[in-house]
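A.B. asks: Have a look; sequence and predicted model below, questions after that.
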Amino acid sequence: MERRKFIKAASVGAVAAGASTLAAPAIAQTAPKVSWRLTSSFPKSLDTIFGAAETMAKAVSEMTDGAFQIQVFAGGELVPGLQAADAVTSGTVEMCHTAPYYYVGKDPTFAFGTAVPFGLNSRQLSAWFRHGGGMELMNEFFAKYNIVGFPGGNTGTQMGGWFRKEIKTVADMTGLKMRIGGLAGRVLTKLGAVPQQIAGGDIYPSLEKGTIDAAEWVGPYDDEKLGFYKVAPHYYYPGWWEGGAALQFFVNQAKWAELPKTYQAILTSATALADIDMQAKYDAKNPAALKRLVQAGAQLHPFPTDVMDAAHKASIELYAEISKENAAFKKVHDAYMAFRNDEYLWWQIAEFGYDAFMIRARRG
Ligand code: CA
């Protein structure tokens, strides 16, 4: 307010003096108008995930006094949600907000930009991206697709999904038809289950009819909206395939290079704001949603230990198989897993010790 008053007053003075350019503050003189389009992979109904792109765009606009505008489109408005990265590669849009693991069909290396089975949790993944060489490795890989990536939010550890019947042992996974995507589907195949690719809106009717036996989505806050508890009340945890599922902002390389340095810095800061804000929103909203789900009849179960052990073993086998045929995957995998091992060496001491005590104390 004060600044605007000053600009107005200064402009009036300058016009009177007949030298209007002297009045404009330095940033306004050098701030070109830039108008970008962002396509999200997500529907507006997922306010947590979709909202991260809006948070980012609003921050960019505010930091440039409205000179740099990024218009956010929901999945399907410009391009289908699962083709958001392709639209960035081709330059159809300047940027997108997406889950890199949607593109494992192009190359499984994309998965490390979101989550891999038995991978890093949300905090550890941020550490890897920002201070463990993770984004350098991912951007070296994304460059093949004309993409520059920026971490853009995390859901935290996801739930293991909704099952029509209880899973008592790993043998109960045989023949189980489960809606699940990406590399996790390939792990489940090794356990004898049958992964299914089904879009969000079609999951409920498939579960209700019994076309599928189980479905995973995100966690309490998002799952509640889809109402799965009514048709598949057994709610398992943890989602071992998404220990901390990250989203990313993808920017077209050439469009990024064209931006003034100030705008590059502003866009980088705005993505970081959205990144931290999304995790905070989930952490704030999940507890109440979990209480409501349990009151509505959801039955919480941890996955049996033999399911976790078998899935862990199958994941290691899968990584070895892919690494044999894909050098890019092996390079990122080896760095990521070395980082994970050191993270858990540390995590078992203070983080886990503190959380384990607080959970006991709360129950007592
Ligand atoms: Ca999921």
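C.D. replies: Looks like it came in fine.

A.B. asks: Local confidence estimate at the closest residue to Leu125 other than its chain neighbours?
C.D. replies: Spatially, and ignoring its direct neighbours in sequence, Leu125 is nearest to Gly244 (4.8 Å; CB to CB, 6 or more residues apart in numbering). In short, each C-beta sits where N, CA and C put it, glycine included. At Gly244, the predicted lDDT confidence score is 97.

A.B. asks: chain center to the helix or strand hosting Ser61, what's the gap?
C.D. replies: Assigned by DSSP states H and E, Ser61 belongs to helix 47-63. Relative to the centre of its chain, helix 47-63 is centred 14 Å away, using CA atoms, centre = their mean, to the nearest Å.

A.B. asks: buried ones in stretch 129-141?
C.D. replies: Counting neighbours by 16 or more other CB atoms under 10 Å, one finds that the buried residues in stretch 129-141 are Phe129, Gly132, Gly134, Met135, Leu137, Met138, Phe141.

A.B. asks: Can you give the contact residues for stretch 201-215?
C.D. replies: 161-165, 176-180, 196, 198, 217, 226-228, 230-232 (CB atoms under 8 Å, 6 or more residues apart in numbering).

A.B. asks: Can you get me the start-to-end distance on it?
C.D. replies: Stretch 201-215 has an end-to-end distance of 12 Å (CA to CA, to the nearest Å).

A.B. asks: and the stretch 151-300 of the chain, which of its residues are near the ion?
C.D. replies: Gln158, Glu216 (CB under 5 Å from the ion).

A.B. asks: If we use 6 Å, what do you get?
C.D. replies: Counting by CB under 6 Å from the ion, the residues of the stretch 151-300 of the chain close to the ion are Gln158, Glu216, Trp217, Val218, Glu242.

A.B. asks: got the residues you listed as a markdown table, with neighbour count and secondary structure columns?
C.D. replies: Output for those, formatted as a markdown table (neighbours: other CB atoms under 10 Å; DSSP: H, G, I helix; E, B strand; the rest coil):
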| residue | neighbour count | secondary structure |
| --- | --- | --- |
| Gln158 | 24 | coil |
| Glu216 | 23 | coil |
| Trp217 | 20 | coil |
| Val218 | 23 | coil |
| Glu242 | 31 | coil |
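
A.B. asks: Nearest to Ala84 among those residues?
C.D. replies: Of all those, Ala84 sits closest to Val218, with 17.8 Å by CB to CB.

A.B. asks: Please give me every residue in contact with that closest one.
C.D. replies: Counting by CB under 8 Å, 6+ apart, Val218 touches Thr155, Gln158, Met159, Ala245.

A.B. asks: Ala115 now?
C.D. replies: Counted by CB under 8 Å, 6+ apart, Ala115 has contacts Tyr101, Leu125, Trp241, Glu242, Gly243, Gly244, Ala245, Ala246.

A.B. asks: For Leu273, grab phi and psi.
C.D. replies: phi -60, psi -50 (degrees, to the nearest 10).

A.B. asks: check contacts around it.
C.D. replies: Taking CB under 8 Å, 6+ apart as the test, what Leu273 contacts is Thr55, Met56, Ala59.

A.B. asks: So which residues of this structure form strands?
C.D. replies: Secondary structure of the chain (DSSP state E): strands located at 34-40, 68-73, 95-98, 147-154, 161-163, 177-179, 194-196, 214-215, 234-237, 246-252, 299-302.

A.B. asks: The longest one pairs with which strands?
C.D. replies: Put plainly, it is strand 147-154. Using DSSP bridges, strand 147-154 pairs in its sheet with strand 246-252 (antiparallel).

A.B. asks: Just give me the neighbour total for Asn286.
C.D. replies: Look at Asn286: counted by other CB atoms under 10 Å, it has 21 neighbours.

A.B. asks: now it: how far from Leu300?
C.D. replies: Separation of Asn286 from Leu300 (CB to CB, to the nearest Å) stands at 13 Å.

A.B. asks: And for Arg363?
C.D. replies: For Arg363, the distance to Leu300 (CB to CB) stands at 14 Å.

A.B. asks: didn't Ile70 look like it was pressed against Val60?
C.D. replies: Yes. Ile70 is within contact range of Val60, at 5.6 Å (criterion: CB atoms under 8 Å).

A.B. asks: who's in contact with the closest residue to Pro238 other than its chain neighbours?
C.D. replies: On the basis of CB to CB, 6+ apart, the spatially nearest residue to Pro238 that is not a chain neighbour turns out to be Thr157, at 5.4 Å. Shown in contact with Thr157 (CB under 8 Å, 6+ apart): Asn121, Ser122, Gly219, Pro238, Gly239, Glu242, Gly243, Gly244.

A.B. asks: confidence score at Thr157?
C.D. replies: Looking at Thr157, its pLDDT is 98.

A.B. asks: and what of Gln197?
C.D. replies: Looking at Gln197, its pLDDT is 83.

A.B. asks: Can you report how many residues lie near it?
C.D. replies: As a burial measure, Gln197 scores 10 neighbours (other CB under 10 Å).

A.B. asks: can you check the one 4 residues further on too?
C.D. replies: Here the count is done by other CB under 10 Å, and Gly201 has 10 residues near it.

A.B. asks: If anything else comes up later, I'll come back, but that's it for now.
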